[in-house]
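Asks: Model the following, please.
(chains A and B)
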Amino acid sequence: RKEVEQDPGPFNVPEGATVAFNCTYSNSASQSFFWYRQDCRKEPKLLMSVYSSGNEDGRFTAQLNRASQYISLLIRDSKLSDSATYLCVVPLTDSWGKFQFGAGTQVVVTP
Amino acid sequence: DVKVTQSSRYLVKRTGEKVFLECVQDMDHENMFWYRQDPGLGLRLIYFSYDVKMKEKGDIPEGYSVSREKKERFSLILESASTNQTSMYLCASSPSGGVGANVLTFGAGSRLTVL
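Replies: All right, here's what the predicted structure looks like:
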């Protein structure tokens, strides 16, 4: 089993709709979690950090479920510009400075 | 605007050539990283450095070496490029503590093709 797993998608979402997807992690000791977005052929950029139960930034909400060991990302009122791959990143707890990356979830927002 | 700058966006090299990929950050970050990203495999750590002249192997260091002579610069070297090193190479940096610890800032990437 991969240590950080994501549904690769693609999630095809009509403009204006809501989409949500999860990232499961295997290390129960993980304390912080990050969502990055990566546009096609571009670098990943930080979208949100999650340190406790969740975080909200405008149309984006991240939630942490420690019991089931997953974080979710919800995008409300989807825009065409939200089309991207969303990467889940979890710092390693036993190897300082290193990170585990999910393979990414592709979201395609359609007109 | 803080930045991680990778000197070459696109490179085409021949098998056996030596390749230098340069990365410079202006955020005074202690940690710097080199990843490669391939379809279906995600990001894989090649090397990272937590201080000047310090380096640690990542998950796939074979065929690569690195150099960090100054805090702001982290270079990736392919001593003898091979076709299986065709990939997108991403440099990143992060502070070692304080606000933003564990937050990675990536460069724009260097897409290397080895013929």
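Asks: what sits against the residue nearest the centre of chain B?
Replies: Taking C-alpha atoms, centre = their mean, the centroid of chain B lies closest to B:W34, which sits 2.6 Å from it. Contacts for B:W34 were tallied using C-beta atoms under 8 Å, 6 or more residues apart in numbering or on different chains; they are B:21, B:23, B:45-48, B:58, B:64, B:66, B:74, B:76, B:89-91. Where you see a C-beta, it was placed from the backbone N, CA and C, and this is true even at glycine.
Asks: Now the helix or strand harbouring it: buried residues?
Replies: Using DSSP states H and E, the element containing B:W34 is strand B:31-38. Within strand B:31-38, the residues scored as buried using 16 or more other C-beta atoms under 10 Å in any protein chain shown are B:N31, B:M32, B:F33, B:W34, B:Y35, B:R36, B:Q37.
Asks: How about stretch B:87-99?
Replies: Neighbour-count burial for stretch B:87-99, counted by 16+ other C-beta under 10 Å, picks out B:S87, B:M88, B:Y89, B:L90, B:C91, B:A92, B:S93, B:S94, B:P95.
Asks: What is the most widely separated pair among these?
Replies: B:S87 and B:P95 (26.9 Å; C-beta to C-beta).
Asks: per-residue pLDDT, B:P39?
Replies: What the model reports for B:P39 is a pLDDT of 87.
Asks: Over to B:N84. Which of the three states is it?
Replies: What DSSP: H, G, I helix; E, B strand; the rest coil gives for B:N84 is helix.
Asks: Endpoint to endpoint, stretch B:83-90 covers what distance?
Replies: One end of stretch B:83-90 sits 18 Å from the other (C-alpha to C-alpha, to the nearest Å).
Asks: Check whether that stretch comes near chain A.
Replies: Yes - shown here: stretch B:83-90 in contact with chain A (C-beta under 8 Å from any C-beta of the partner chain) through B:L90.
Asks: Now find how far off-centre that stretch is within its chain.
Replies: Distance, stretch centre to chain centre, for stretch B:83-90: 11 Å (C-alpha atoms, centre = their mean, to the nearest Å).
Asks: For it, give me every contacting residue.
Replies: For stretch B:83-90, using C-beta under 8 Å, 6+ apart, the contacting residues are A:43-44, B:6, B:15, B:19, B:21, B:34-38, B:43, B:46, B:63, B:76, B:78, B:106-107, B:109-115.
Asks: again, but for stretch A:6-19
Replies: Against stretch A:6-19 from outside (C-beta under 8 Å, 6+ apart): A:21-24, A:74-80, A:82, A:86-88, A:102-111.
Asks: restrict those to those near chain B?
Replies: Answer for the contacts of stretch A:6-19 near chain B (C-beta under 8 Å from any C-beta): A:L87, A:G102, A:A103, A:G104.
Asks: which of those residues has the most neighbours?
Replies: With neighbours taken as other C-beta atoms under 10 Å in any protein chain shown, the top of these is A:G102, carrying 27 neighbours.
Asks: Where does the prediction get shaky in chain A?
Replies: A:1 (pLDDT under 70).
Asks: Mind doing that once more with 90?
Replies: Confidence mapping of chain A against pLDDT under 90 gives the ranges A:1-3, A:27-31, A:41, A:51-54, A:92-98.
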